[in-house]
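Engineer: Return a 3D structure for these sequence lines:
(4 chains)
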Protein chains: 4
Amino acid sequence: MAYKDEKLSEEKVFKDPVHRYIHVRDKVIWDVIGTREFQRLRRIKQLGTTYLVFHGAEHSRFHHSLGVYEIVRRIVDDGFDGRPEWNQEERLVTLCAALLHDLGHGPFSHAFEKVFDLDHEKFTQAILLGDTEVNAVLTRVADDFPQKVADVIGKTYPDKLVVSLISSQIDADRMDYLQRDAYFTGVSYGHFDMERILRVMRPAEEQAVIKYSGMHAVEDYIMSRYQMYWQVYFHPVSRSAEVILTKILHRAKHLYESGYIFKQEPGHFRSFFDRTFALEEYVALDESILLTYFQIWMKEDDPILSDLCYRFINRKLFQYAEFDPATEYRKIGELEQLFKKAGIDPAYYLLADSSSDLPYDFYRPGEENERLPIYLQMPNGELSELSRSSDIVDAVSGKRRTDHKLYFPEDLLEAGKETNPLYGRILKLLKG
Amino acid sequence: MAYKDEKLSEEKVFKDPVHRYIHVRDKVIWDVIGTREFQRLRRIKQLGTTYLVFHGAEHSRFHHSLGVYEIVRRIVDDGFDGRPEWNQEERLVTLCAALLHDLGHGPFSHAFEKVFDLDHEKFTQAILLGDTEVNAVLTRVADDFPQKVADVIGKTYPDKLVVSLISSQIDADRMDYLQRDAYFTGVSYGHFDMERILRVMRPAEEQAVIKYSGMHAVEDYIMSRYQMYWQVYFHPVSRSAEVILTKILHRAKHLYESGYIFKQEPGHFRSFFDRTFALEEYVALDESILLTYFQIWMKEDDPILSDLCYRFINRKLFQYAEFDPATEYRKIGELEQLFKKAGIDPAYYLLADSSSDLPYDFYRPGEENERLPIYLQMPNGELSELSRSSDIVDAVSGKRRTDHKLYFPEDLLEAGKETNPLYGRILKLLKG
Amino acid sequence: MAYKDEKLSEEKVFKDPVHRYIHVRDKVIWDVIGTREFQRLRRIKQLGTTYLVFHGAEHSRFHHSLGVYEIVRRIVDDGFDGRPEWNQEERLVTLCAALLHDLGHGPFSHAFEKVFDLDHEKFTQAILLGDTEVNAVLTRVADDFPQKVADVIGKTYPDKLVVSLISSQIDADRMDYLQRDAYFTGVSYGHFDMERILRVMRPAEEQAVIKYSGMHAVEDYIMSRYQMYWQVYFHPVSRSAEVILTKILHRAKHLYESGYIFKQEPGHFRSFFDRTFALEEYVALDESILLTYFQIWMKEDDPILSDLCYRFINRKLFQYAEFDPATEYRKIGELEQLFKKAGIDPAYYLLADSSSDLPYDFYRPGEENERLPIYLQMPNGELSELSRSSDIVDAVSGKRRTDHKLYFPEDLLEAGKETNPLYGRILKLLKG
Amino acid sequence: MAYKDEKLSEEKVFKDPVHRYIHVRDKVIWDVIGTREFQRLRRIKQLGTTYLVFHGAEHSRFHHSLGVYEIVRRIVDDGFDGRPEWNQEERLVTLCAALLHDLGHGPFSHAFEKVFDLDHEKFTQAILLGDTEVNAVLTRVADDFPQKVADVIGKTYPDKLVVSLISSQIDADRMDYLQRDAYFTGVSYGHFDMERILRVMRPAEEQAVIKYSGMHAVEDYIMSRYQMYWQVYFHPVSRSAEVILTKILHRAKHLYESGYIFKQEPGHFRSFFDRTFALEEYVALDESILLTYFQIWMKEDDPILSDLCYRFINRKLFQYAEFDPATEYRKIGELEQLFKKAGIDPAYYLLADSSSDLPYDFYRPGEENERLPIYLQMPNGELSELSRSSDIVDAVSGKRRTDHKLYFPEDLLEAGKETNPLYGRILKLLKG
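Structural biologist: Residues are numbered from 1 along each chain as shown, chains lettered A, B, ... in the order given. As a prediction, this is how the structure comes out:
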């Protein structure tokens, strides 16, 4: 039997708190899960610094990836199989893309990518196509199979229906992470009737669509997503930790570039500072290594690096203030001057951060959309974009909401305000 | 106002998936949570290697500790307060002991303690009494307060009722971990009606007791515990990972003692290998540091160390076989000889492991019991030991159940059995 | 001790699937629950005919009433007690009003009230003030106490804060029924973080308000309500049963007024047909009595009455078609003509039904609002109406949505269309 | 296409709180659900009088029946289909038997059967084989099909594997009711991992068996059942209501037989009193009719009948005392004498009730067992009875536990004890 068609002699299951069980029958899927590149996802948290606010959110990208696979498996095997619009030959590439869509995420990926100017999606593709265990498994299916999986993830795959299952405004990725992040944080948002959505999802030419009778379940999903963004993902305290993390990496890079001699040689980082790193070095990184360095750096002589690391490791985070860039841009300049006068480097201690979300977007002619809009299949068979039928979705459609905050070390300023009147002035300006 | 009586201006809450919310009103509790020694528990997993089987079990001891605190808080504030058998003066020491009972756990503590011959409870006490942030907070309450907290945890505190809330056969520790581990693994065991148990728990002279009307809820709790032990805690696959982990540490220690030159100096481990480590060095350890070393050691020249590390990091675990030490002790000797002949060191590759649990135990006159038995308060007010009233508890009472397994690298033996007939013989002997 | 202050020697609890436990400590509350008028609510379903679509929805108004009581108890005892804006003297009247707000509901109340032109709120007040067991209990508190409870329910009570807990756009009534109806139907809508809402609810002069930080929990509540209306409460199939039920009562009344001789004397209904009934006769009615009559009437000679009863009892409901009264009013007339020609009485077999909901409404100057809008307490202490801060609530605010359907006996028409071409024409006109 | 193979053009689903969705694809199943005999189950409560203690337990046998069907459907379609031990030709008869196994239950069936000496299983078979809508549907499958369904329910069907799915010690009936009753009462017992049990259930020659690896899930199921019996099904307060209910029916029968003239002719009961009732009359009964009569009888002149009805309708139940028939049989006699002296008829006011359960039973050679024991399929393929492998199950195996209570009108005795010293003596004897 061809490798692509091989089945395990007995179905394997993973116990999963979100989907109850994750079922694996294909030998290819089982082998992919066993590769070191996939196992590495156990050492990358799904929600980065969020566990510092919602303590349950310590879950890794490993099971989110399994979850996305499981949702796609149900769509394809229980919902699409046998319908004329769906080509069952696409099954395996779809399942692999679902499982592997996050493969290239680095440790604390947003901060890491920002400082080193990287893109995790490129690394996903590089790992799929490079000299890796996962590439070896996929190549056993067919020589061009790794490239196909990479194309689905890169959204250049010809069958757009396949792409839409992994990456649209109602894809398996989002459906898994909303539920999973809600479960592990323990918040009561993030619940929607996925079973119903899967029942009303239909294959269409360019993408999966939703039967009209399932519109309310989709509305609920959009609202869940909206709530999760503002209640969990953009929580100002986890952004404080994120800001500090970014600045740690910036500072270390800056010190390295300035010729600073580290007490302990930053071996894992050298090639990143130099931008000469090989794929293997990227794959070798994970969050335990970063946390280990931060603890080592806590003992470095550079006061900024050691202070920021101490803050991150021991959760002595920055405080925040609301801030409106449109009207308060002068205030920033003023504060920066005061910080400098007070001997505190504003590049590391006065930090603006913006979070912004578009809960749902329809298609705008002439513009390229990041994500496909959601289409309803009306009783007469025609497709109709969701926001035309749903008042609630229409209300949030295309409306970007942004939140601006200014982060600063309130503890330090409070502790010193008696002896240094500048500290008091800064605090007053910040806290109004 | 005395520090011990200070309240936060507004109650703080932690969102918790198990107890919904964890409530903190005492300034002392808030300050303890903020110490670096308590924050370190975020970097120690509650269930060690179990996440390699139940992928959701990535949760840390940090929130288990908060959970135990919350349960004790509810017992004391909602159930005991106002009853003559309870002294509300003991409230704060009880809450602190609940919060801090796991403070001394090291990374992957069972394996670590075994190899370096340590005892986490001693470290808990050492951290409470040493030059630490947590000691500083507790000392603000009273000079002897850290010692009191340590005595509760060490079970030498004079008020046995206080001790029993943290450490008995139905204490807040067990009630939290059963529910929490069930939640994060996703198994359907581990549920019992804690709210009912808390409602029927009464303070008595030597320990907390249970009103007779709550007996069935307690039975359910005992059964939950029994199931969690055999389904989750003793799962043979996580024991495989545990066995490998132990052997990694053994090997590294052995190499160090033999004068092996490590490519990268094992700085964090040196004083442990030498048994000269200071408290500060113990506290500095966590699981990210161990994981970082294991990845570094994957590249060491010693083939055993690098192989074991590779296995742990990439989850290429040992297979297991059932094994009865009473009747099969000769088989072990035979296997060891075969391993040696085949050039595989049995000290690292043929490993017996036993797990053993006593679901519930009554008191045996003349013997010292590790844990207090559970007493029911009968309608006439008398106390009666649980197994006298409950058939089900009586059935499991005092009956230790043990499971023996033999772990070995099946993958290596399978791969080599064609070229080396000894491998085949070993496999046959192991797998029958 | 005054009766109003008497406590039970031991707290009583009811096991409740929604709130886990309902706690009763006040003797007055316990006695009220024991009255026959309150126990009668066990024989009135919370959701009328909805159980014919969502089979789990067989729950009664009895536990909804307990649930509203429990929510108010938590608000008052855990949240409001001790705050200057709240007068703890109002506690008992508030709890009683919560418990008794639905006391006057008749069997299948919407249909029953419509046909006999009654108002359940008036009956609630009549039962409270009449010669009833519940009046006797309340009078023991104080002579004017029954009137006070009635005034809260009638929204004429001077302390508007008390009224708002039972009857506003975010009251305990709605918070209980959304969760309870979601639980018993099994739908995934209807969940919101009530515990958080209770934590951020604050007493204010005219009504309970919500701290700004809880806005998202309130948004979630509004959206839950919206979904429950359209997914559950307005489900077209339960409206079909409701339409039939209404027509059964109409027909029986019509027959009685026309001098029809019933095979079995309709004793319980006579005084309702005559509009001479006494309070005692109203209280004696419940849904088992109605269901018993419908089964008796199945055997009456009048073909319309017996057919409608058969349909209701055996769930042979009417089919429905979409219908727009603005543009299709002529179609109704045409259909009525056809029905008459075909020998089917359109007054009983061609029925228009409209359901309409306003998910949330702000205050309109100069207009009287049925329900108070929701106010947020902003960080600066000022109150601000919810839709000003919430985009999502603003989107649905003040927008009434209405659904029109036309109900008809498709089974009868389908069965006869071969022999009677008029039936075919009717079907074609109805189903397009 | 043969009627037995007809599928609905689109799968129908019922929203179910326990199984999420119940799926119907077979036309036969859909038609059976639509019959009046099946719809009647909506008017029979699953747990009789239990709702008077656990207020959520108002659910009907209608959805329990759907639930049993759904479990069997999953076993057959997802687990058994394709395995050689299973004959897919048995699918439809198995599904119908699952759906219809409770069809013959009367209103408050235990009490009703006891007083009128009936057996619901016989009525199930009579309805299946009589002149009924359900018989008409089943006969369309094949002339002998109704008999086959009746044989499965009567346990005389030749294929014992089919019988075991509906009726053994781990059948779909029990698996549904434990979960459903737990859900609607809200108790935390009754949960077990059914999904796992379904995954490890295998068809064997004489019955369904369980793979050894699923033993712990089965243990958990047995313990759930044990807890549900003692916590819910045998709750002393619902037994009080049951005792009263039984005595109402006894009294009415007794009055009828004594020639008592009822104010309102007891039409629905006459043929039962006479034991001349036809099947149609049995099917016409339901709980609303009984409740209606009880309310009518509250106004009868007979003081016993009217008092008992008042008690049942308004939940003024009897109190209970523990009682050991082995040692206290004399006390009963003494009490009866006292009751008579005091003018209270002990036949209606002093009532012994025993509840008894055997949590699990193995097979005893030479004895006929009511229910098949559970067999594990060991790794070597052999079958082994469960209690041999499970210590916990062994502990409860074959051990019948019985609870005896004595019920009496404490309210009446308390109210009269001042004026009648006999009442005081009775109370003292009863309450010790």
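
Engineer: Tell me which residue in the stretch 301-432 of chain A sits closest to chain D.
Structural biologist: The minimum distance from the stretch 301-432 of chain A to chain D, using C-beta to the nearest C-beta, falls at A:Pro379 (12.7 Å). Every C-beta, even on glycine, is put in place using the N, C-alpha and C of the backbone.

Engineer: The stretch 251-400 of chain A: strands as residue ranges?
Structural biologist: Counting by DSSP state E, counting those that start in this stretch, the stretch 251-400 of chain A has strands at residues A:319-322, A:351-357, A:375-377, A:383-385.

Engineer: Which positions in chain A make contact with chain C?
Structural biologist: A:187-189, A:191-193, A:196, A:216, A:219-220, A:223, A:226-227, A:230-231, A:391-392, A:394-396, A:399, A:401 (C-beta under 8 Å from any C-beta of the partner chain).

Engineer: In PyMOL, how would I select just the buried ones from these?
Structural biologist: Of the residues of chain A next to chain C, the buried ones can be selected in PyMOL as follows, counting by 16 or more other C-beta atoms under 10 Å in any protein chain shown:
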select buried, chain A and resi 187+188+189+191+192+193+196+216+219+220+223+226+227+230+231+392+394+395+396
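
Engineer: Look up how far chain D lies from the closest residue to the residue of the stretch 301-432 of chain A closest to chain D other than its chain neighbours.
Structural biologist: In this structure, A:Pro379 finds its nearest non-sequential neighbour in A:Tyr212, 5.9 Å apart by C-beta to C-beta, 6 or more residues apart in numbering or on different chains. A:Tyr212 sits 14 Å away from chain D, going by C-beta to the nearest C-beta, to the nearest Å.

Engineer: so what's A:Tyr212 up against?
Structural biologist: Listed by C-beta atoms under 8 Å, 6 or more residues apart in numbering or on different chains, the contact set of A:Tyr212 reads A:Leu376, A:Gln377, A:Met378, A:Pro379, A:Ser389.

Engineer: Quick one, which of those are buried?
Structural biologist: By neighbour count, with 16+ other C-beta under 10 Å, the contacts of A:Tyr212 hold A:Leu376, A:Gln377 as buried.

Engineer: Closest to C:Gly343 out of the contacts of A:Tyr212?
Structural biologist: Closest approach to C:Gly343 among the contacts of A:Tyr212 (C-beta to C-beta): A:Pro379, at 31.9 Å.

Engineer: host element of the residue of the stretch 151-300 of chain A found nearest chain D?
Structural biologist: Closest residue of the stretch 151-300 of chain A to chain D, C-beta to the nearest C-beta: A:Glu195 (5.9 Å). In this assignment (DSSP states H and E), A:Glu195 forms part of helix A:194-200.

Engineer: can you pull the buried residues of that helix?
Structural biologist: Using 16+ other C-beta under 10 Å as the test for burial, helix A:194-200 gives A:Met194, A:Arg196, A:Ile197, A:Leu198, A:Arg199, A:Val200.

Engineer: Quick check: chain neighbours aside, which residue is closest to the second one?
Structural biologist: Read that as A:Arg196. Nearest residue to A:Arg196, sequence neighbours excluded (C-beta to C-beta, 6+ apart): A:Ala217, at 4.4 Å.

Engineer: Show me where the stretch 201-350 of chain A has its helices.
Structural biologist: Secondary structure of the stretch 201-350 of chain A, counting by DSSP state H, counting those that start in this stretch: helices at A:215-228, A:236-257, A:267-273, A:279-284, A:287-297, A:303-313, A:325-341, A:346-349.

Engineer: And A:Phe123, its phi and psi?
Structural biologist: Note on A:Phe123: its backbone torsions stand at phi -70, psi -30 [degrees, to the nearest 10].

Engineer: Give me the neighbour count for it.
Structural biologist: 20 (other C-beta atoms under 10 Å in any protein chain shown).

Engineer: what residues are up against it?
Structural biologist: By C-beta under 8 Å, 6+ apart, A:Phe123 lies in contact with A:Leu103, A:Gly104, A:His105, A:Gly106, A:Leu279, A:Tyr282.

Engineer: And the helix or strand bottoming out on mean pLDDT in chain A, what does it pack against?
Structural biologist: Least confident element among the helices and strands of chain A, by mean pLDDT, DSSP states H and E: helix A:391-396 (a mean of 84). Applying 3 or more C-beta pairs under 8 Å, 6 or more residues apart in numbering or on different chains; DSSP states H and E, one finds that helix A:391-396 contacts helix A:215-228, helix A:386-389, helix C:391-396.

Engineer: And the contacts of that helix?
Structural biologist: Residues from elsewhere that reach helix A:391-396 (C-beta under 8 Å, 6+ apart): A:218-219, A:222-223, A:226, A:359-360, A:386-388, C:223, C:226, C:391-392, C:394-396, C:399, C:401.

Engineer: Repeat the analysis, applying 6 Å as the threshold.
Structural biologist: Here helix A:391-396 makes contact (C-beta atoms under 6 Å, 6 or more residues apart in numbering or on different chains) with A:Glu219, A:Ile222, A:Pro359, A:Tyr360, A:Leu386, A:Ser387, C:Ala395.

Engineer: Counting neighbours, what do you get for A:Trp30?
Structural biologist: 15.

Engineer: Chain C versus that one, what's the distance?
Structural biologist: Taking C-beta to the nearest C-beta, one finds A:Trp30 at 32 Å from chain C.

Engineer: name the element that residue belongs to?
Structural biologist: Using DSSP H and E, A:Trp30 sits in helix A:27-33.

Engineer: Following element in sequence after the least confident helix or strand of chain A, please.
Structural biologist: Beyond helix A:391-396 on the C-terminal side, the first helix or strand identified by DSSP H and E is strand A:401-408.

Engineer: ok, how many other residues are close to the residue lying closest to A:Phe80 once chain neighbours are set aside?
Structural biologist: Distances taken as C-beta to C-beta, 6+ apart place A:Trp86 nearest to A:Phe80, at 3.9 Å, with adjacent residues excluded. Look at A:Trp86: counted by other C-beta under 10 Å, it has 22 neighbours.

Engineer: A:Trp86 should be in a helix, yeah?
Structural biologist: No. Counting by DSSP: H, G, I helix; E, B strand; the rest coil, A:Trp86 is not part of a helix but coil.

Engineer: close enough to count as contact, it and A:Arg202?
Structural biologist: No. The criterion here is C-beta atoms under 6 Å, and A:Trp86 misses it with A:Arg202 at 9.1 Å.

Engineer: How about the contacts made by the residue nearest to A:Arg196?
Structural biologist: With contacts defined as C-beta under 6 Å, 6+ apart, A:Ala217 is in contact with A:Asp193, A:Arg196, A:Ile197.

Engineer: nearest to B:Ala182, of those?
Structural biologist: A:Asp193 (24.4 Å).

Engineer: per-residue confidence at that closest one?
Structural biologist: In the predicted model, A:Asp193 carries a pLDDT score of 92.

Engineer: Excluding residues flanking it in the chain, which one is nearest it?
Structural biologist: If the residues on either side of it in the chain are set aside, A:Asp193 comes closest to C:Ser188, at 4.0 Å by C-beta to C-beta, 6+ apart.

Engineer: Check the secondary structure at the one you found for me.
Structural biologist: coil.

Engineer: Looks like it contacts A:Arg196 (just checking).
Structural biologist: No. Using C-beta under 6 Å as the test, C:Ser188 is too far from A:Arg196 to be in contact (7.7 Å).

Engineer: Alright, I will stop here.
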